[in-house]
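>>> Coordinates for the following, if possible.
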Amino acid sequence: MKSLFPQSNFPDTYDSLEKIFNNTYDGIVILTLDGDWIKVNDSICELFGYTRNELFNMNIENIVFREDLGVHATKYERLMQGKIYRYRVRQRYFHKDGSLIWVLISVSLINNADGSPSQMIWQFSDVTSRKLNQDKLKLMLGVVREQNERLTAFADIITHNLRSHSGNLSTIKGFLEDEFSWLKENESFVLLRNAIENLEETVSHLTDVAKIKQVDSQQLETLNLYDYIEKAIYTVTAYAKNTKTTIVNNVDEELTIMGVPAYLDSIILNFLTNAIKYRSEERDPEIKLTSLVENDYVIFKISDNGIGIDIEKYGKKLFQLYKTFHTNKDAIGLGLFITKNHIESLGGKVEVTSEIDVGTEFSIFLKSA
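Below is the predicted model of the structure:
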């Protein structure tokens with residue numbers, strides 16, 4: 001059997017290299033250019049379940065899974081032509097017990113003194129468990145995707161049907177009020193009218209929630225963050241003026257993010273109106289807008305000096321549907337839920353810090369363009 005490490009005047013070095021070769025965790029094989037075994041280490045025998053003698057009496061292709069016989073072809077040809085110096089492939093093999101194993105193979109050449117190839121070194125890493133886990137993950141993701149599509153379709157149908165039915169009830173209510181004017185003073189009819197109006201409002205909320213879907217990267221546009229903030233500030237000018245709120249926009253005018261115009265409008269407007277809505281009566285309201293770039297994200301910060309939120313008490317519920325944390329009569333617990341989902345559908349996230357009677361700061365992470 002030809003040795004990979006020819007003996008020389010340094011027997012200790014030879015012994016050390018032999019020990020490394022035989023005791024390394026990964027399998028190592030020396031092959032002829034035709035695929036015949038020359039030398040194998042102990043890990044190869046453990047990997048395939050064959051003794052050395054059994055391996056030497058077979059060609060390596062004898063235990064390759066049939067569909068994977070040609071995976072080396074193109075890269076091997078480039079290796080022999082000197083276009084590459086090594087390559088890696090993933091290939092399936094049969095264990096002696098008949099089970100199928102996945103291995104990652106690294107292939108390189110041993111050259112003669114004149115530079116011509118003489119033998120090959122193959123290094124084998126068992127990746128069976130990793131491959132099985134990947135397959136399981138793909139299967140699970142496929143199931144989740146299918147279920148998500150079904151739930152989305154179900155939500156669309158439900159909201160459409162509820163909208164139709166609530167609309168019909170509202171129309172009938174209107175007919176009754178026109179035809180029987182005395183009903184407007186009837187206590188039971190007033191209760192019915194309020195119930196129908198509440199139903200319409202709930203259906204409207206559910207419709208808004210159902211519309212939120214993960215945005216495909218191809219749908220994202222390059223948007224100037226500063227321009228959208230200025231537009232949102234203009235939209236709330238009257239609200240800010242009536243409440244004596246000062247809004248300071250220190251966002252970098254050159255920053256661009258990847259987003260959807262309608263979503264970005266909604267995100268900025270909701271945080272601005274919330275900052276005004278939850279102002280403190282003890283001081284003049286002030287909102288500061290700043291920005292910074294971190295890795296692949298633009299971080300847009302909205303800070304206010306309002307009444308604040310008890311993060312320790314409400315932090316985990318802050319963005320949940322229909323959760324409110326103040327006595328404001330206009331609060332319904334929908335805005336932050338939708339806004340968070342809009343941000344996440346754009347591939348971003350939102351963080352919050354707050355202190356009671358000091359103020360709140362929201363940090364919105366959006367993908368940089």
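>>> My guess is P285 contacts N242. True?
No: counting by C-beta atoms under 8 Å, N242 is not a contact partner of P285; they are 10.9 Å apart. In short, each C-beta sits where N, CA and C put it, glycine included.
>>> Compare the two and say which one has the larger neighbour count.
P285 (21 against 9; other C-beta atoms under 10 Å).
>>> per-residue pLDDT, that one?
If you check P285, the pLDDT there is 94.
>>> and if you look at K213?
62.
>>> In contact with the residue nearest to L346 when sequence neighbours are not counted, which residues are there?
In space, and not counting its chain neighbours, L346 is closest to G259: 5.2 Å by C-beta to C-beta, 6 or more residues apart in numbering. Residues near G259 by C-beta atoms under 8 Å, 6 or more residues apart in numbering: 220-221, 223, 346, 366-367.
>>> farthest-separated two in the residues you listed?
The span of these, defined through C-beta to C-beta, is set by E221 and L366 at 12.2 Å.
>>> shared neighbours of the two, which are they?
With C-beta under 8 Å, 6+ apart as the test, E221 and L366 both reach 258-259.
>>> Following the chain onward from the one helix or strand N133 maps to, which element is next?
In this structure, N133 sits in helix 128-179 according to DSSP states H and E. Counting by DSSP H and E, the element after helix 128-179 in chain order, helix or strand, is helix 187-210.
>>> Count the neighbours of the closest residue to L162 other than its chain neighbours for me.
Distances taken as C-beta to C-beta, 6+ apart put V203 closest to L162, at 4.7 Å, once the chain neighbours are dropped. V203 has 20 neighbouring residues, counting by other C-beta under 10 Å.
>>> which regions of the stretch 101-250 of the chain lie under the pLDDT threshold?
Within the stretch 101-250 of the chain, the ranges that satisfy pLDDT under 70 run 148-149, 151-156, 158-160, 202, 205-215.
>>> Recalculate using a threshold of 80.
129-137, 141-166, 198-219 (pLDDT under 80).
>>> For G335, report the pLDDT, please.
pLDDT, G335: 66.
>>> ok, now the one 10 residues further on?
The pLDDT attached to S345 in the predicted structure is 84.
>>> Determine how far the last residue of stretch 22-35 lies from the first.
Length of stretch 22-35, first residue to last, C-alpha to C-alpha, to the nearest Å: 20 Å.
>>> residue contacts, L223?
256-259, 261, 264, 369.
>>> swap the cut-off to 6 Å and go again
Contacts here follow C-beta atoms under 6 Å, 6 or more residues apart in numbering; on that basis L223 touches 257, 259, 264.
>>> Can you tell me which of the residues you listed is nearest D296?
Among the contacts of L223, and counting by C-beta to C-beta, the member closest to D296 is I257, at 10.6 Å.
>>> and Y50, that one's in a strand?
No: looking at Y50 with DSSP: H, G, I helix; E, B strand; the rest coil, it is coil, so not inside a strand.
>>> which residue sits closest to it, ignoring its sequence neighbours?
In space, Y50 is closest to K96, 5.3 Å off (C-beta to C-beta, 6+ apart).
>>> Could you look up the SS state of the one you found?
Per three-state DSSP, K96 ends up coil.
>>> you'd agree N41 is up against K19?
No: the pair N41 / K19 is not scored as a contact, 10.3 Å apart, by C-beta atoms under 6 Å.
>>> Settle it for me: which of the two has more neighbours?
More crowded of N41 and K19, by other C-beta under 10 Å: N41, with 23 against 10.
>>> What is the neighbour count of Y76?
17.
>>> tell me the helices in this structure, going along the chain?
Per DSSP state H, the chain carries helices over the ranges 11-23, 42-48, 52-56, 73-80, 128-179, 187-210, 225-235, 237-242, 261-277, 311-314, 335-345.
>>> quick one: the last one to helix 187-210, angle?
Here the directions of helix 335-345 and helix 187-210 differ by 20 degrees (axes from the mean of the first three to the mean of the last three C-alpha atoms, to 10 degrees).
>>> Hey, what's the angle from helix 335-345 to helix 261-277? Just curious.
140 degrees.
>>> Tell me, how many residues neighbour the spatially closest residue to L192 that is not a sequence neighbour?
Of all residues beyond its chain neighbours, the one nearest L192 is K173 (7.2 Å), with distances taken as C-beta to C-beta, 6+ apart. Number of residues near K173 (other C-beta under 10 Å) recorded here: 17.
>>> For D304, see how far away K173 is.
Distance, K173 to D304, by C-beta to C-beta, to the nearest Å: 41 Å.
>>> Same question for N242.
In terms of C-beta to C-beta, N242 sits 16 Å off from D304.
>>> Repeat that for I267.
I267 is 16 Å from D304, by C-beta to C-beta.
>>> what does I287 give?
Distance from I287 to D304, by C-beta to C-beta: 5 Å.
>>> just S118 next, same as before
74 Å.
>>> So the two - more neighbours on which side?
D304 (26 against 12).
>>> tell me the contacts of the more buried one?
275, 287, 359-360 are the contacts of D304 under C-beta under 6 Å, 6+ apart.
>>> Give the closest residue to it in space, chain neighbours not counted.
Using C-beta to C-beta, 6+ apart, the nearest residue to D304 is A275, at 4.0 Å.
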